[in-house]
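Novice: sequence? don't have it. structure:
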């Protein structure tokens, strides 16, 4: 079993990813969804968070360009970015959702130089909005954003479109399809429920 498969199983085992085909969750955006992903839970499991950091390192080493800096999306991407930066011996910055209202009014915390290559770390990609906003903030300040990495993606078409339009590469450790495959294998859901869950995603 590969590291990515292990992490997908880990997310299910700690209930970071939950599936409810008959009792939909409501996301912050108001979207009704049969799946809910809370990767913040992984922070409390040292072995799992270490696997995740190692998987991110593997993804980074497969890229055509290597980063000079690791950037975390506020807030859930920050701890994972810190662990990855530590493993790679690289500087870390993080990006707030908006500038501070006091002090130096920073939106980016930490230091980097114009033209340095940056990888953005996010915990989750739904529509891709928050990760791309983080990338835009870094670009405006002179960073060369070479990609976005996340633990999990729902695989929504809107995310694919937004990253394509932004000409920004993104990769994830695991995804919705892999989770559904695992749930069918261990008989947590039926094939009919899997079809329902796939139909939901393509309806958005």
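Specialist: It's in. Treat the numbers as computed from the prediction; the structure is a model and nothing was measured.

Novice: what's near enough to touch residue 193?
Specialist: Applying CB atoms under 8 Å, 6 or more residues apart in numbering, we find residue 193 in contact with residue 21. Yep, even glycine has a C-beta here, placed from its N, CA and C like the rest.

Novice: which parts of the strand or helix carrying residue 130 are buried?
Specialist: Secondary structure from DSSP states H and E places residue 130 in helix 129-140. Buried positions in helix 129-140, judged by neighbour count with 16 or more other CB atoms under 10 Å: 130, 131, 132, 134, 135, 137, 138.

Novice: what's the model's confidence in that helix, averaged?
Specialist: Averaging pLDDT along helix 129-140 yields 95.

Novice: could you check the angle helix 129-140 makes with the next helix or strand after that helix?
Specialist: Next along the chain after helix 129-140, taking DSSP H and E as the criterion, comes strand 144-153. When axes from the mean of the first three to the mean of the last three CA atoms, to 10 degrees is applied, the directions of strand 144-153 and helix 129-140 differ by 170 degrees.

Novice: Note down every partner strand of strand 144-153 and its orientation.
Specialist: Sheet pairing here is set by DSSP bridges, and for strand 144-153 it gives strand 117-125 (parallel), strand 170-175 (parallel).

Novice: Distance from the chain centre to it, please.
Specialist: With CA atoms, centre = their mean, to the nearest Å as the basis, strand 144-153 stands 7 Å off its chain's centre.

Novice: Show me what counts as buried in whichever helix or strand comes after it.
Specialist: Using DSSP H and E, the helix or strand that follows strand 144-153 in sequence is helix 157-165. Buried residues in helix 157-165, counted by 16+ other CB under 10 Å: 159, 162, 163.

Novice: Equivalent analysis for stretch 162-180, please.
Specialist: Buried, per 16+ other CB under 10 Å, within stretch 162-180: 162-163, 166, 168-176, 178-180.

Novice: Which residues does it contact?
Specialist: 4-5, 7-8, 11-12, 17, 19, 35, 52, 55-56, 59, 63, 125, 127-129, 131-132, 135-136, 145-155, 159, 189, 194, 197-198, 201.

Novice: Let me see the mean pLDDT of the longest helix anywhere in the chain.
Specialist: For the chain, the helix with the greatest residue count under DSSP state H is helix 46-61. If you average the pLDDT over helix 46-61, you get 98.

Novice: Direction included, what does the following helix or strand past that helix pair up with?
Specialist: Where DSSP H and E defines the elements, the next helix or strand beyond helix 46-61 is strand 69-73. Strand 69-73 pairs in its sheet with strand 92-95 (parallel), strand 117-125 (parallel), by DSSP bridges.

Novice: Columns mean neighbour count on top of the ones you listed, output as TSV?
Specialist: Listed next are the strands paired with strand 69-73 as TSV, based on neighbours: other CB atoms under 10 Å:
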stretch	mean neighbour count
strand 92-95	24
strand 117-125	26
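
Novice: mind checking how far stretch 17-30 is from the chain centre?
Specialist: 18 Å.
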